[in-house]
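> Need coordinates for the below:
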Amino acid sequence: MKRKGFTLIELLVVIAIILILIAIGLPKFLESQIRARATKVQSELRTVGLALESYRLDWKIYPSRSVQYYRNKSREEQGLTWLLKPIEYLTYLPDDPFPTGTDAATGLPGAGPASYILTGVDVLPTENALAHPHGGILLRTWVLYSAGPDSPRVEVDSEKGCMAINANGQFYFGYSPTNGTRSRGDIWRFGGEKEWMGLDVTRTSRGCTGSKATLDTTPKVGVYYNGIKILQRFPEGGVAQ
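This is a model prediction of the structure:
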């Protein structure tokens, strides 16, 4: 009995149908991956934020800043690692699923583990940083963030400054999937002393360092977050709480 196979036209029709299904399904699959990673960031920033608050309960101050590629950096650039020992506030540092790919200090491709960026307003060394057993310049207001799906674009230079002190009506953007999965904006979480949010830009030359003695006399400019002026309070809604 002679077997009848598929004709060339039939094969082409089947291949065309498969390609159409892939074209329809692949973008949705990629979108779901991005959404899952963004959700992971939000959850992990919440966990790390709770660890920072637990740290403050014990030490009365927050750790130092932490750059994304923290391996082989100075102690003042790897503050998140302070949450691992000698007291285990976290069992491990989570990896940022949206790494910038560039080391903030050197401008070279990032090497080693890439966790979330921790920056904010520093305590003056003359206040109580030197009395802290961990030493270094510590944070009084902290900002944890990931570049988000528009990586490697970030809204703040993590090496030079924090969004807490900024003038010139500059806008900062928080990521929102309602604007499109790959929309502009970082994924943020704020904490600490909110009275330092949005102070005058003239003090950025001190590297976002704050002084309680000048808090009441410093011009209060405000920083714009998603078009809303933020001054001595944290942004409301979304992940920026």
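> And stretch 150-157, how far out from the chain middle?
Average the C-alpha atoms of stretch 150-157, do the same for its chain, and the two points are 9 Å apart (C-alpha atoms, centre = their mean, to the nearest Å).
> after the lowest-mean-pLDDT helix or strand in the chain comes which helix or strand?
Scoring the helices and strands of the chain by mean pLDDT, DSSP states H and E places strand 209-210 at the bottom, with a mean of 64. Scanning the chain past strand 209-210 towards its C-terminal end, the next helix or strand to appear is strand 223-225 (assignment: DSSP states H and E).
> Show me what counts as buried in that next one.
Buried residues in strand 223-225, defined by neighbour count with 16 or more other C-beta atoms under 10 Å: 223, 224, 225. All C-beta atoms are positioned from the backbone trio N, CA, C, and that covers glycine.
> Need those in CSV (columns: distance to residue 232 and pLDDT).
Formatted as CSV, the buried residues of strand 223-225 follow (distance: C-beta to C-beta, whole Å; pLDDT from 0 to 100):
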residue, distance to residue 232, pLDDT
223, 10, 72
224, 14, 73
225, 13, 76
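> Mind putting these into a markdown table with distance to residue 108?
A markdown table is the format used below for the buried residues of strand 223-225 (distance: C-beta to C-beta, whole Å):
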| residue | distance to residue 108 |
| --- | --- |
| 223 | 30 |
| 224 | 32 |
| 225 | 31 |
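> which one of those residues sits closest to residue 90?
When the buried residues of strand 223-225 are compared for distance to residue 90 (C-beta to C-beta), residue 225 comes out closest, at 27.0 Å.
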